[in-house]
Structure formats: C-alpha cells, structure tokens
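**Q** Here is my input; please provide its structure:
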Amino acid sequence: MSKSLVIVESPAKAKTIEKYLGKGFEVRASIGHIMDLPKNDIGVELKKRTFVPELIVSPGKEKVVEQLKKAAEKADEIFLAPDPDREGEAIAAHLALQLGTTAKERKKIRRVTFNEITKKAVQEAFKHARDVDQNLVDAQQTRRVLDRLVGYQISPLLWDKVRRGLSAGRVQTVAVRLIVEREREIGAFNPVEYWTLDALLHPEKQADKSFKARLVGIDGHRVTVDTVGAPALPNEKEIKAALAALEKASWTVASVVKKERKQSAPPPFTTSQLQQDAARKLGFNVRRTMGVAQRLYEGVEIGAEGTTGLITYMRTDSPRVSPDAIAGAREWVGKQLGQKYLPETPNVYKGKKDAQDAHEAIRPTDASRTPESIAQYLSDEQLKLYKLIWQRFVASQMAPAQLAVTQVNIAAASKLDKRTYDFRVSGTTVIFDGFQKVYEASKEKKDEDDESLANKLPNLDNVKALELEKLLNEQHFTEPPARYNEASLVKELEERGIGRPSTYASIINTIQDREYVVKHGGPRGRFYPTEIGVVVCELLVESFPYIFDTKYTAKLEEELDDIEEGKEKWTVLLNGFYDHFEDELKDAGDKMRDIKRMEQVTDEKCDLCGSPLLLKWGKFGSFFACSAYNKKDPSSCTFTKENTAAKPDLNTPEAQEAGEQEEYCENCGRVMVLRRGPFGMFMACPGYNEDPPCKTIRKLSQKQQQKPPQPTGEDCPLCGKPLVLRQGAYGEFVSCSGYPKCKYVKQNLIEGLKCPKCGTGDIAERKARRGNLFWGCTNYPKCDFTSNYKPVAQQCPECKSPYLIEKTLRSGIFLECPNKKKAAEEETTPKKRGKKAAAAPEENAIVCSYSKRIGDAPPPPTAETHGPVVEQKSGKRELQPA
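**A** Residues are numbered from 1 along each chain as shown. A predicted model of the protein is given here:
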C-alpha cells in the first residue's frame, strides 16, 4: 500500500485534516516558515542587482526539517498543504526546496490548497493537486526582500542619529505616519462655535402627541456655519434673535412627504470588514480577532463530529461565495424564516477593482450549523466571533429591509420680524425587517438614518396648526478628527491601498511592539504616537520622501498583485524601487538630523541656578538640562526635568476610559498569561501544553517589563525621602525615590546574625543572574562569604557554630549545621596533585553531623504553578518559572 506524506503549518490543522484523509496518509506540521533570510546579514545580492535572497533554515527549525526529511524518504507521494495565500505558497516552496533535492524526489512533490477544512473540500483538493505557483512565491519573496532592504539599511541610520535598537519598517512607518499626521491635525485644530435650535411641538389641542423639530432655514435659505455639515446658527447673538422672533410666531405644517426605501443586505465579511465589525461590536482587537478566527478555521472539537473546521480561510479581500454555500444559506433561510425572507435570485457581490479575489469571503463552512447548535463546544470568544460571521453570511443571502420614511416640513411665521423660520423632522419605521431579522449593521458614527429611526412621529397627515411647547437651544463646538482605533486604522489602510488582508494584524502589532504608538482607552482604545514614534517618523519622511509616501506604498502593493498574477517580473519591481531608495539612502546618511547629540538652547530657565535650559535627547526621550552642567566639575548644576510637551496627551476622554490592555494569542485568540523566564518576563499562550499545543510566546521589552514604582509607606534612612518598590532585572527591590542622588537600596537582612567570616557585615539575600537565590555578606567585595542555603541565627547545639542553614529536600525541610556540608565535601572530593592542587584541609577542621527536620517538602512544580514546559537547547524539558 502506497504511503503519502501531507505537510501543513500548524499541529491543529494537521489534527483536523488527518481524520478526513484516512489510512495511507501521514500528516505532519512544519510549524510555520522553515526558511528565512539570515539575521546577521542583509541576505540579498545587491552588487549585480539580482536581488536573489540567501535563504537558510530558520534557527530552531533544524530538528523539524530533519524530521520532515526522514518522513519524506519513506513516502511515495508528498502533498504540501499550507494556507492558500502568498505566505502559504512560500512555505510550500521552501518545503519543496528542502525535501526535493533530487529529480526523483521533486517528482513526488505536489501542492494542494483548500479554502475550508471540511471533508468534502479537503478530499476534493487532493483530486486537483498542482505544482507550486512560482508567481505567488515571487510576490511573497519580493515583499520580504523589500522589507529587508528597508529594515537593514535604514535602521543603522536611526541607531546613529537617535538611539540604538530602533528599527524602520516599510509599511509600518507609513502606518505610524498616518497616526502622527492625525495627531498633528488634532493639535492644530481650532474649534468653531455653532448653535442648534429645536422646537418641541404638538398638533393643536393634542398635547399628548409632542415631537421635536430642528431649525434648518430662514425664508427658504438653509442656515449654515462654515465647517459644520448640519444646519446651525453661528453665535449666541443670532440664536437670541431667533428665540425672540419665535416666541410670537404661528406654527403650521407646510408639507408631509412620504416615501419607501430599501436597505440592501451587506456582503459577507472580508478580512478588514471582520476586523472592523469585531472591534465595534465585540471589543476585539485585530490580534484577538485573527487568533480566534484561526482556531475556527483550523478546527474545533464538535462532539461526535470530532475536530471540524467551522469557517473558511480568514485572510481575504473578496466577497465572492461558492454556489454550494449560497444554496446552503438560502435553504436555511427558506426553511427557518420563510420564503418572504428570500430574494428571487441569489445576491451576488462584486469586490473592489484591485481585490485579489483568490479566496472566498469569510463564511461558515455549513450554514445549517447555527451558533446555538454548537455553543456548548466553543469558548466564549469563539462563539461570539462565529455568531458574527454566521449572521453576516446568512443575512447576505436575505431580502432587503423595507423602510417607510416620513419628512415633515414646518413653517414658523414670526410676527416680530416678519420672517418664516423653517423647521424639519424625519421619522422612519420598518415595514419589513428583511436581513435585519438576523444581522444589524454596525457604523462608526451615527447618521441621519439613525436619528430618523429614533424619532417616533405622530400622524400629521391632516394636521395644519401646531402649538409650541418650548424652544431648546444648545451651544456646540466642532470637534477635531478622532484618533485612530484599530478598526478605523484598518479601514484607512484598506481605503488607501496600503497592506493586504494578511498584513493588517502584523502592521498594528509591530508599531505597538516597537513602542512607536501606544493604545489607551481599554479594548476599543485609540492610538497615540509616542515621542520616539514622532521623531522617527519625522526623520524618515524628511529623508525618504518617496519611499515612505502613502501613494507610493499603495502603488507597490498593486505591483505585488501584478507579480502574483504573472503580469510583472519581481526583479523589475525591485530595480525600480532600489533606484529611488539608493539615492535617498545616500542623502540621508549625509543630511539626516542628529537627534542623539542634540543640544538645543531654549527660553526656559533652570529652577536651581537660573541658567538657560538645553533640550537634549536621552535613553527615554527628550529632556531639559541645565546649560551650567560641567561633566568635569562635580559641583556644577545637575538640574534636569522631563519634556512633558513631547509626551502623548492622555487627558482626553478616551484615554481616561477604564480597561486593561490585555494581550491576545495571535494563533488562537485566547488571553495570554504573564510568565517569568531566565531572561525576564514574557507572555505565553495558556494552551502551551494542550494537544495540539499552541506555543505562542511574546517577548516583552525592558520598558514593558517594568512596573511603575509603588510607595511602601517607609522613609529612606539616609535622606528621608519615601522608599518605593521597583522592578529590576532580577526581580523586585525597594530603594529610595530620590535616586540617582540617593542610592540607598533596602536589603533583606537576616536579623540577629553577623557575617561568620568577617564579623562586621550583615547577611543579605541576593539573586544571581539565573534567578536563583543565595546569601552573602554586605561587606562584599572585601568579604566573600556566601551560602547557597538560607542562614538561620541559631547556634549549633553540637559544634557551637554561630549559625545553622535551612535546606529544602524531597524528604522535607531541615535545619543543618554548615560544618556538616564541609565534612561531606571533604570525604567525596578526590585529592589533586601538582602545583595547582587544592589547599589541604585544616588539621583542626570541625566535623559536625547535626540535622533536624522542621517541616514537609513543598509539592513538585506543575505547568499551572510554574508555567509551560519548554524545550531547552540541551534537549531537556524544563518548567518556565511562573
């Protein structure tokens, strides 16, 4: 019997597919990309301008590749089945490169793709196996080379001119530019005053049927204020004149206009639309949305059905849907809701002109699988997102909603100034709910339709005279454009043609990870550029006006689409890009502003000596320093203060909103948990040890790891200032809030015990680089006394040692004499010969056997208490400390 090897990217996907293929198929996971450019070199051929990438096996993937090669040797056929997009095609190409080293091996390698992980789709895909699509591979490779050229050649400039560790991204910089430019718009915005005037009215002698109408014009001319879209009056003077005139006015219904309007069903989700709707309706950020969607796509355990893919591939910009899926949705609507909710012919949606259209829209794999029917098998977040996708898809194949719109025009004839004031009110009622029975469209802002639906108008068909109850006037000021949140940033990127469905999440993640922007205001928070983000953006846009232009970035995306479709060669695009880039790179090296060495004279004065302050740049951004400071003179003025004007304005309403910023796994969407490892704190997916595992981890920067200092309620014994609890490289410690002037650090001392070696120092708790605790003399380095076990201020009852040590063993917790350890070491240590032999033990060395059990041993560490089990380089499996 022939044996086939199938390779996918993730273990979860492998588990789902394996049950559909049956015997004769072995499914393995590559766990993402297996090849990439080298990290210590640019890895792209530039001398001859061939741009050929130097691909190597990704560090840490050697073992995976070796296992796949062994499995491939035993297989008669090899099917490469990563995701059906550019990234997936590149993974397939790299697998083929590693597994097909000979012509014979290459013959048995085939590529399969499927848009949904269902039995029918998977088995059908294997009937139409093909070769790897080199155009798709070229498109992905071109993007990777573009990003490498920008990152590896611009980042060193930033290290020299600003600070080390900064990086520049081709698309990410443009995204930061949008956020920075929006912040400038807000800063330069001048609010404009305007007033609205409403009249509370009712039909004559029908006081129980009151309604509200708004002033829209005077004598047939619309009242307007510059930059204000809605009808309004400009100032208090005019509003007072209008109020006086309307106190003595006769009110009549001028006209009642009725019409019917249809509201069509929305198309099924594309990636950006799903991200926007999930943000507005569910409060999911982009990372969480894509992580949960990934799990729904790869498969979830559904009772007797087993692991089942619930939605189609979630990275797409096409609203296209297969005929079978349309038929399934129409069948469900007809059976469950009735024929009146079905349009005569299926609804067909067209994508944007530049949409790739390689995949279907995001939809459930089976429309009859309602959210309620599988709710018991899904986590809370999976159910919410699945319900959103299911509702949108089913609604897309339903009849339009029918609305009745009534517009009432009212005339108020003033007897005071002989003018007619025009008021208007609209009301909308739903005649037939149509698709709205299943799905309610979300909007970023309320519009006239929303206000119209909220108005409940009485029947005014045969009404002429109206009576005024009261006039309501309100002062307003125009507001600046809103800061971007994740949903609106994705929308802006999509509208400008920047990025593609597979890149939106990584763009947003990267600009936050690099600390160029911060998000405040809870799950629906908005982006604020950081000072470093503003500075880097300014320098890059000044020095690379062509490369970081939004229109040029969008043009590159279109050219990448052309490469995918075989319309353009990848080397042509790179040559055109590099012509511009090389020129701008050369100019930037000579002309880019040197922020790191900046010393800018300001009008501000030093609080201590009155000298002018200089604006300088430090590790944490710009700051003011006294110009009288002299490094060589210890008595010179050392006054400094923070440049608060350059920091984000966090006094806005959205920044003050409550809500912690949780981190979500990009692979499964679950809330990540904080763990402590050998190199500090990191975030890990709670599914690290599940089957299949989700081994997503995220490193935290030093700044992210640090908590703000917390007051302890104690005062510094040296200077009297408050002591605070700080987060250091080796854990928490208490020190003076007056640092760096006062360098006092509170130590965890063992009371009642002086150093047994020098007799003057105290014994303090220490932490080594690897995180382990030890105890040492406070007179170090003059005294080198240390102990790996905690000293206890008790005299040994046998040998009179001034202290005992506390040992925790598997058999319990013991108090032992330190001389017992010395005796044991002397017995087991072999004698050394020669010049470098260890010094002979003292003739009168004390040997003591004292040991006393004082408690039970603690329970062994588990994944729940100490974090996920991780593979170490040595091959050992160890628990990460919690």
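
**Q** number of nearby residues for the closest residue to residue 494 other than its chain neighbours?
**A** Nearest non-adjacent residue to residue 494, counting by CB to CB, 6 or more residues apart in numbering: residue 272, 4.5 Å away. Quick note: C-beta positions are derived from backbone N, CA and C, even for glycine. Using other CB atoms under 10 Å, the number of residues around residue 272 comes to 21.

**Q** Centre of the chain to stretch 517-526, how far?
**A** Computed by CA atoms, centre = their mean, to the nearest Å, the chain-centroid distance of stretch 517-526 equals 10 Å.

**Q** tell me the secondary structure for residue 633?
**A** The three-state assignment at residue 633 reads coil, by DSSP: H, G, I helix; E, B strand; the rest coil.

**Q** Show me where the stretch 701-850 of the chain dips below the pLDDT cut-off.
**A** For the stretch 701-850 of the chain, applying pLDDT under 70 flags the ranges 701-708, 728-731, 740, 769-771, 821-845.

**Q** pretty sure residue 467 is in contact with residue 252, am I right?
**A** No: using CB atoms under 8 Å, residue 467 is not in contact with residue 252, being 10.8 Å away.

**Q** Check residue 670 and give its pLDDT.
**A** pLDDT for residue 670: 76.

**Q** right, and it touches residue 294 too?
**A** No: counting by CB under 8 Å, residue 670 stays clear of residue 294, with 11.1 Å between them.

**Q** Surely the residue nearest to residue 494 is within a helix?
**A** Yes: if the criterion is three-state DSSP, then residue 272 is within a helix.

**Q** So it sits against residue 504, correct?
**A** Yes: at 6.3 Å, residue 272 counts as touching residue 504 under the criterion of CB under 8 Å.

**Q** Mind listing the shared neighbours of these two?
**A** 490, 493, 494 (CB atoms under 8 Å, 6 or more residues apart in numbering).

**Q** Which of the helices or strands spans the first one?
**A** It refers to residue 490. helix 486-496 (DSSP states H and E).

**Q** Okay, buried residues for that helix please.
**A** Within helix 486-496, the residues that count as buried by 16 or more other CB atoms under 10 Å are 486, 487, 488, 489, 490, 491, 492, 493, 494.

**Q** in the stretch 551-700 of the chain, which spans are helices?
**A** With DSSP state H, counting those that start in this stretch as the criterion, the stretch 551-700 of the chain has helices at 570-591, 653-656.

**Q** so how many other residues sit close to residue 103?
**A** So residue 103, with other CB under 10 Å, has 7 neighbours.

**Q** For it, report the pLDDT, please.
**A** Looking at residue 103, its pLDDT reads 88.

**Q** What distance do you get for it to residue 109?
**A** 11 Å (CB to CB, to the nearest Å).

**Q** likewise residue 533?
**A** Noted for residue 533: a distance of 45 Å to residue 109, by CB to CB.

**Q** quick revisit: tell me who's in contact with the residue nearest to residue 494.
**A** For residue 272, the contact set (CB under 8 Å, 6+ apart) comprises 317, 490, 491, 493, 494, 501, 504.

**Q** Leaving out chain neighbours, which residue sits closest to the third one?
**A** Which is residue 491. Nearest one to residue 491, counting by CB to CB, 6+ apart, is residue 276 at 5.8 Å.

**Q** can you map out the helices along the stretch 101-250 of the chain?
**A** Under DSSP H, counting those that start in this stretch, the stretch 101-250 of the chain gives helices at 103-107, 119-127, 134-161, 170-188, 236-247.

**Q** picking that back up, export the contacts of residue 272 to JSON lines and append columns for distance to residue 325 and pLDDT.
**A** Compiled in JSON lines, the contacts of residue 272 are given as follows (distance: CB to CB, whole Å; pLDDT from 0 to 100):
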{"residue": "317", "distance to residue 325": "18", "pLDDT": "89"}
{"residue": "490", "distance to residue 325": "25", "pLDDT": "93"}
{"residue": "491", "distance to residue 325": "26", "pLDDT": "92"}
{"residue": "493", "distance to residue 325": "28", "pLDDT": "94"}
{"residue": "494", "distance to residue 325": "24", "pLDDT": "92"}
{"residue": "501", "distance to residue 325": "19", "pLDDT": "84"}
{"residue": "504", "distance to residue 325": "24", "pLDDT": "90"}
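
**Q** Could you point out which of those is nearest to residue 122?
**A** residue 501 (22.5 Å; CB to CB).

**Q** Can you give the contact residues for stretch 278-286?
**A** For stretch 278-286, the external contacting residues (CB under 8 Å, 6+ apart) are 275, 288-289, 292, 381, 384-385, 388, 442, 444, 485-487, 490, 504-505, 508-509, 522-524, 664, 669.

**Q** Now restrict those residues to buried residues only.
**A** Buried by 16+ other CB under 10 Å: 275, 288-289, 292, 381, 384-385, 388, 485-487, 490, 504-505, 508-509, 522-524, 664, 669, out of those.

**Q** Wait, a helix at the residue nearest to residue 491?
**A** Yes: counting by three-state DSSP, residue 276 is part of a helix.

**Q** these two touch, right, it and residue 492?
**A** No: counting by CB under 8 Å, residue 276 does not reach residue 492; the two are 10.7 Å apart.

**Q** still on that earlier bit, just send the shared contacts of residue 272 and residue 504 back as JSON lines, with distance to residue 329 too.
**A** Shown next, in JSON lines, are those (distance: CB to CB, whole Å):
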{"residue": "490", "distance to residue 329": "26"}
{"residue": "493", "distance to residue 329": "30"}
{"residue": "494", "distance to residue 329": "25"}
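
**Q** thinking again about what came up before, looking at the buried residues of helix 486-496, which one is closest to residue 713?
**A** residue 486 (39.8 Å).

**Q** pLDDT wise, what is the closest one at?
**A** On the pLDDT scale, residue 486 is placed at 91.

**Q** do residue 541 as well
**A** Looking at residue 541, its pLDDT stands at 95.

**Q** and if you look at residue 31?
**A** Note for residue 31: predicted pLDDT of 90.

**Q** What's the local residue count around it?
**A** 17.

**Q** That one: what's it in contact with?
**A** So residue 31 contacts 9, 10, 11, 61, 64, 695 (CB under 8 Å, 6+ apart).

**Q** Adding distance to residue 401, neighbour count and pLDDT as columns, could you present those in a markdown table?
**A** Output for these, formatted as a markdown table (distance: CB to CB, whole Å; neighbours: other CB atoms under 10 Å; pLDDT from 0 to 100):
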| residue | distance to residue 401 | neighbour count | pLDDT |
| --- | --- | --- | --- |
| 9 | 41 | 22 | 92 |
| 10 | 40 | 22 | 89 |
| 11 | 44 | 19 | 89 |
| 61 | 52 | 20 | 94 |
| 64 | 52 | 17 | 95 |
| 695 | 46 | 18 | 73 |
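
**Q** Next, format the residues you listed as a markdown table and append secondary structure and distance to residue 645.
**A** Below are the contacts of residue 31 laid out as a markdown table (DSSP: H, G, I helix; E, B strand; the rest coil; distance: CB to CB, whole Å):
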| residue | secondary structure | distance to residue 645 |
| --- | --- | --- |
| 9 | coil | 47 |
| 10 | coil | 47 |
| 11 | helix | 51 |
| 61 | coil | 47 |
| 64 | helix | 51 |
| 695 | coil | 44 |
